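In: sequence unknown, structure follows:
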């Protein structure tokens, strides 16, 4: 039952009627019966009653007979959906109209309703909510109606007769009065009535979109008991999934690394290359098949373990549904391994393709190096032959390259598959603010459809973000969009509003424009910066489930911070829809970055084509010096020097990366708890206060943690780099000695190719992994071996110069080491969710958890929380006054403060309640000394940043005035 204040007609998915009472217009939406339609299952019925609960002041439950368990299940699931969707300010009255009651003694039915409500409260206990806070279920809400007809046997006629009795219409009129009074009471109590049919239509449309989109995941269970059982089964499955996923990552990596090494050895041993497979497609397919076999085995083991752990009788009906997510969750890691395997294969394919092209060029030039022919051949003839083959190879390569490259759709599908598996595995939790419960599942068509809808919004956001921060045009550009006097901008705003669909009341243009401006001006840029900062470390990990989790955490943090414009305008926003849009925006950023990574890798493979000109010149140069043995020796020495440098640097960069990865994966310096402690001590707890670090901690803690972690491993990283470079120089000198020894061998220097082959064999012993080149030492006879040897031995004098070249390359080794550190650190720092009121980072080490916790919460002023009306900084810890103080967000008041966490951040409630009970400063209203010192060091900058009004004075004993405060415009210096 919905009260509105204007007269109109309305039709939606239900049959609809209009009624009038005094100055009230009432819209009646009728489901036309539940549990009766042929196509109706639990989802359909749950969607119908959820729609009623979300949209109505009074929900009439017209039921024949007693209150049933089916009805209890429907009401329970609608309660769960209402909590998750968070887009209804109504607390509907449930009016139970029980028909065809011969005995209308309410006592029996009141007992039934009490039992009904108790059962509902018991089954919803895991939701940590009181039924009375969300639904009105009272004894006086029971209405008992007789049958509308009476019947009896006419003894005179001996027939059964039916007639409309007088009791029913009288009681129907009483019911109407009950409904009218109930509507008045509801609207006066809740101060929320629908304003007109336009508003009503928009509200109902948004409600149904949310229910329809999330219904398959949100309302799959029939009852709360079933949902609770489902969550219990998910916990069992989650432990098994984590264990088997870890095994797959470890064993799968070993398996694929072994395949890659075999292929490298084939190339090194110069095995004849199959021209049709220069891009190693067959090799990649074989590697994937081997990985698939391992995955199938682990999935089978996971299902068997799940079956063994779910033998309890009450699991029987639900266990199969949950088991369906085990395989997809494990296969997320299979997808990650396959992607990395393909990327590593790019490197091998590049080497393979290089050798193929070199051989083709050499084959075209081979005859010209024959001594008899060379004497009679002009250099131009060789060049013409090389040019002809060059052009043929370029054409051939370009055709084959396109068949090897991953398409944009392939990349998008990979990311969406992992996103969907993650969402499906983590939704349906009890926490009413869990973002995973509001994440839409997205196939590729739906994703592109969302992107098309958001294109207008994307265009405005991109244009806005492209304007430099200090540019005066930035604010005026956004203001121009809201110029209602301009018909063009008015139409643009209307398109934006319709496509974004963020607002509860679409007609309140001034408020909606203000909210939109705040979102685009504050939330989107910060979200964009955080995500791009995360994506900058992606490299080959864009399909890593951990990357998707971090992405969703960034959206969650942006929405849930107490100073977030989402929280400040919570009751004016369609939370489900804005969550969808922010998730799609974040995924779009990830997909764009992933496509760039793929394009970059593909471009690296194209380098084989770009080197064709150099290889042509190398062949010509070697052809020219064939008649000059000293020239042959000099050319061969130069080429070998360059190759030794190239190969030794390549191999030792990989050794550096491997050594870093091994060291960092076991390093005690970057354990999550130690980094949390160090990050706090070196910023908030620094003495004297380090304002730069404090601002980093406050502004972007998820960026600051990796920076601190890198500092902690800097010494280890430098030692590894120094060690590898020292080894590199030693090996380089050994390589030169081996080359000289080979050249000095009696009777060896007769053919340049033979000399090179022998040197390459010896170098592979000294430098395992050394790859010979087809372009060095082309088969040509050496006329004067002594001249050749003498010219080549000048390589000894090049050692010093080669060591200098290595020193110049130290920066590249450090970059490799840093990237390897970042990759490992990212996987070890865990959850990126932040406390919504102080910004403290969650340090719960469990891979997947519902309840967050942080060792150190900080004064809320650091995150911009200010006192209502006077806007002064709130210098209290977020758990202080949890049971006595208030939070005021715009026009919403939460008293006591714990109500805010129950409603908006229940995942932090256990941690804050524990600290309220046991924390050192639980009874005080000020932060610890180090936080007070930190505040004085950065208060000018934070007051300006958050647009607060600073306190006129501070107690010098508590807040030392001697501490220098950074200027208002100060920007921290990130490393």
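Out: Yes, it's here. From a predicted model like this one, the values you see are computed outputs, not experimental measurements.
In: where does residue 365 fall, secondary structure wise?
Out: In this assignment (DSSP states H and E), residue 365 forms part of helix 326-365.
In: what residues sit buried inside that helix?
Out: Under the neighbour-count criterion of 16 or more other Cβ atoms under 10 Å, helix 326-365 has 326-362, 364-365 buried. Using the backbone N, CA and C atoms, a C-beta is placed for each residue, glycine as well.
In: repeat that for stretch 757-768.
Out: For stretch 757-768, the neighbour count (16+ other Cβ under 10 Å) marks 758-760, 762-764, 766-767 as buried.
In: over to stretch 866-877?
Out: For stretch 866-877, by 16+ other Cβ under 10 Å, it's 866-867, 872-877.
In: now render those residues as JSON lines, adding distance to residue 937, pLDDT and secondary structure.
Out: Below are the buried residues of stretch 866-877 laid out as JSON lines (distance: Cβ to Cβ, whole Å; pLDDT from 0 to 100; DSSP: H, G, I helix; E, B strand; the rest coil):
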{"residue": "866", "distance to residue 937": "19", "pLDDT": "89", "secondary structure": "strand"}
{"residue": "867", "distance to residue 937": "21", "pLDDT": "89", "secondary structure": "coil"}
{"residue": "872", "distance to residue 937": "18", "pLDDT": "94", "secondary structure": "coil"}
{"residue": "873", "distance to residue 937": "14", "pLDDT": "94", "secondary structure": "strand"}
{"residue": "874", "distance to residue 937": "18", "pLDDT": "93", "secondary structure": "coil"}
{"residue": "875", "distance to residue 937": "14", "pLDDT": "94", "secondary structure": "coil"}
{"residue": "876", "distance to residue 937": "19", "pLDDT": "93", "secondary structure": "coil"}
{"residue": "877", "distance to residue 937": "18", "pLDDT": "93", "secondary structure": "strand"}
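In: now the helices for the stretch 501-650 of the chain?
Out: Along the stretch 501-650 of the chain, the stretches classed as helices by DSSP state H, counting those that start in this stretch are 509-518, 524-535, 545-560, 565-568, 575-610, 612-624, 629-666.
In: so which of those helices is nearest residue 829?
Out: Between residue 829 and the helices of the stretch 501-650 of the chain, the shortest gap by Cβ to Cβ is with helix 545-560, which sits at 9.9 Å.
In: the closest one to helix 575-610, inter-axis angle?
Out: 140 degrees (axes from the mean of the first three to the mean of the last three Cα atoms, to 10 degrees).
In: is residue 815 within a helix or a strand, and which one?
Out: helix 810-828.
In: can you check residue 20 too?
Out: strand 15-21.
In: C-terminal to that strand, what's the next element?
Out: Counting by DSSP H and E, the next helix or strand C-terminal to strand 15-21 is strand 24-30.
In: mean confidence score for that next one?
Out: On average, the pLDDT along strand 24-30 is 78.
In: then stretch 758-774?
Out: Across stretch 758-774, pLDDT averages out at 88.
In: first-to-last residue distance for that stretch?
Out: Using Cα to Cα, to the nearest Å, one end of stretch 758-774 lies 14 Å from the other.
In: now the helix holding residue 815, how far from the centre of its chain.
Out: With Cα atoms, centre = their mean, to the nearest Å as the basis, helix 810-828 stands 22 Å off its chain's centre.
In: what does that helix contact?
Out: 537, 539, 541, 546, 550, 649, 652-653, 656-657, 660-661, 664-665, 670-672, 706, 709-710, 713, 717, 720-721, 724-725 (Cβ atoms under 8 Å, 6 or more residues apart in numbering).
In: rerun that using 6 Å as the cut-off
Out: 537, 653, 656-657, 660-661, 664-665, 670, 706, 709-710, 713, 717, 721 (Cβ atoms under 6 Å, 6 or more residues apart in numbering).
In: now it: buried residues?
Out: 813, 816-818, 820-826, 828.
In: got CSV for these, with distance to residue 432 too?
Out: Listed next are the buried residues of helix 810-828 as CSV, based on distance: Cβ to Cβ, whole Å:
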residue, distance to residue 432
813, 50
816, 46
817, 45
818, 41
820, 41
821, 39
822, 35
823, 35
824, 36
825, 33
826, 30
828, 31
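In: residue 562: which of these is nearest?
Out: Distance to residue 562, by Cβ to Cβ, is smallest for residue 826 among the buried residues of helix 810-828, at 27.1 Å.
In: picking that back up, relative to residue 436, tell me which of the helices of the stretch 501-650 of the chain wins on proximity.
Out: Closest among these, once you apply Cβ to Cβ, is helix 545-560, at 7.2 Å.
In: and the average pLDDT for that closest one is what?
Out: Rounded mean pLDDT across helix 545-560 is 84.
In: and if you look at stretch 850-865?
Out: 90.
In: out of the buried residues of helix 810-828, the closest to residue 588 would be?
Out: The closest of these, once distances to residue 588 are taken by Cβ to Cβ, is residue 826, at 21.4 Å.
In: circling back: could you export the buried residues of stretch 866-877 as JSON lines, including distance to residue 530?
Out: As requested, those are exported to JSON lines (distance: Cβ to Cβ, whole Å):
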{"residue": "866", "distance to residue 530": "23"}
{"residue": "867", "distance to residue 530": "28"}
{"residue": "872", "distance to residue 530": "28"}
{"residue": "873", "distance to residue 530": "24"}
{"residue": "874", "distance to residue 530": "24"}
{"residue": "875", "distance to residue 530": "26"}
{"residue": "876", "distance to residue 530": "26"}
{"residue": "877", "distance to residue 530": "25"}
